[in-house]
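1. What follows is a predicted protein model with its sequence.
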Amino acid sequence: MTTQVGLPDAATRLAAVIDGRRDVWQPPPPRRAATVALLREGADGLEVYLMRRADTMAAAAAMHVFPGGGLEASDGPVGDPASTLTAARRELREETGVTLPEQPAPVRFGRWITPEVLPHRHDTDFFAVALPEGQSPVLLGTEAVTADWCTPGTALTAATDGRIGLLPPTSAALHLLAAHATVADALAGLAALAQPGVPALMPVPEREGGRIGWAIEDVLTRRRITDPSQVGLPSHWRPLPPGMGS
């Protein structure tokens, strides 16, 4: 077996993942993480708080994301489902100053794993919660450079136009949120969607003739999802990671 030296370029990593060549590229294990879609009702309807990550970040650089980050030892054991909820509360407080009450608990509505082609990987639980009354988020720390409220549809349009960057999981979450007009409807709808259980979804590359396409895999069941509508997303949606081609 060839020893992996340095970081192969994106095309080499892509081919290695598709062909199962672990001697060429050994994907790093993902770190458990949590992120929070903070919701409120604005003049144009349901709004969500989005932050633009600094260009210097190792992962999600220059991307628009929800507040969040990696699990820390103080959050609890990696295998404990309660640990990511603790991490979500902590990260939201550290990045925005918003402190969530114990009840109602945020709605866990998604879990996304960074594809194996990328060198920095996370296994992230997605939560949604209403902005607590009397609190307003502020931009704290140095990981993000700007932050603002916007409707999910506005963010998706800006991404389509190339004005902002969205990672596939954030795009997927915004599509789910865009189907709702109010915070109450969004939280109820997300809770209902997650009721059968939250799948662990990972974008996976595959060859389609002479091109590279992207599907979604539930890593818990190894089920390949070729129609995104099976997980509540538009059928035309594709989980294309930035810089990975089409």
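-> Yep, it's here. Keep in mind the model is a prediction, meaning the values are calculated, not measured.
2. continuing past the lengthiest strand in the chain, what's the next helix or strand?
-> The longest strand of the chain (DSSP state E) is strand 31-42. Under the assignment DSSP states H and E, the closest C-terminal helix or strand after strand 31-42 is strand 45-53.
3. packing partners for that next one?
-> In this structure, strand 45-53 packs against strand 31-42, strand 64-65, strand 144-150, helix 152-160, helix 168-178, helix 183-194, with contacts taken as 3 or more Cβ pairs under 8 Å, 6 or more residues apart in numbering; DSSP states H and E. Where you see a C-beta, it was placed from the backbone N, CA and C, and this is true even at glycine.
4. would TSV of these with distance to residue 75 and mean pLDDT be doable?
-> Shown next, in TSV, are those (distance: least, Cβ to Cβ, whole Å; pLDDT from 0 to 100):
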stretch	distance to residue 75	mean pLDDT
strand 31-42	8	97
strand 64-65	19	96
strand 144-150	20	95
helix 152-160	28	96
helix 168-178	20	96
helix 183-194	21	96
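5. What sits closest to residue 119 if chain neighbours are left out?
-> Sequence neighbours aside, residue 7 is the residue nearest to residue 119 in space, at 5.9 Å (criterion: Cβ to Cβ, 6 or more residues apart in numbering).
6. ok, the one you found to residue 24 distance?
-> Remark: distance between residue 7 and residue 24 (Cβ to Cβ, to the nearest Å) = 12 Å.
7. if you count what's nearby, which of these two comes out ahead?
-> Neighbour count, other Cβ atoms under 10 Å: between residue 7 and residue 24, residue 24 has more, with 16 against 10.
8. list the contacts for the residue nearest to the spatial centre of the chain?
-> Centroid check for the chain by Cα atoms, centre = their mean gives residue 169 as the closest residue, at 3.5 Å. With Cβ atoms under 8 Å, 6 or more residues apart in numbering as the criterion, the residues that contact residue 169 are 110, 112, 124, 126, 201.
9. mind redoing it with 7 Å?
-> 110, 112, 124, 126 (Cβ atoms under 7 Å, 6 or more residues apart in numbering).
10. For the residues you listed, which two are the farthest from each other?
-> 110 and 124 (8.2 Å; Cβ to Cβ).
11. still on that earlier bit, which member of the contacts of residue 169 is positioned nearest residue 224?
-> residue 112 (15.8 Å).
12. So that closest one: helix, strand or coil?
-> When classified by DSSP: H, G, I helix; E, B strand; the rest coil, residue 112 comes out as strand.
13. what stretches of this protein score poorly on pLDDT?
-> Low-confidence segments of the chain, defined by pLDDT under 70: 1-5, 243-246.
14. max-length helix in it?
-> The residue-count maximum for a helix in the chain (DSSP state H) belongs to helix 81-96.
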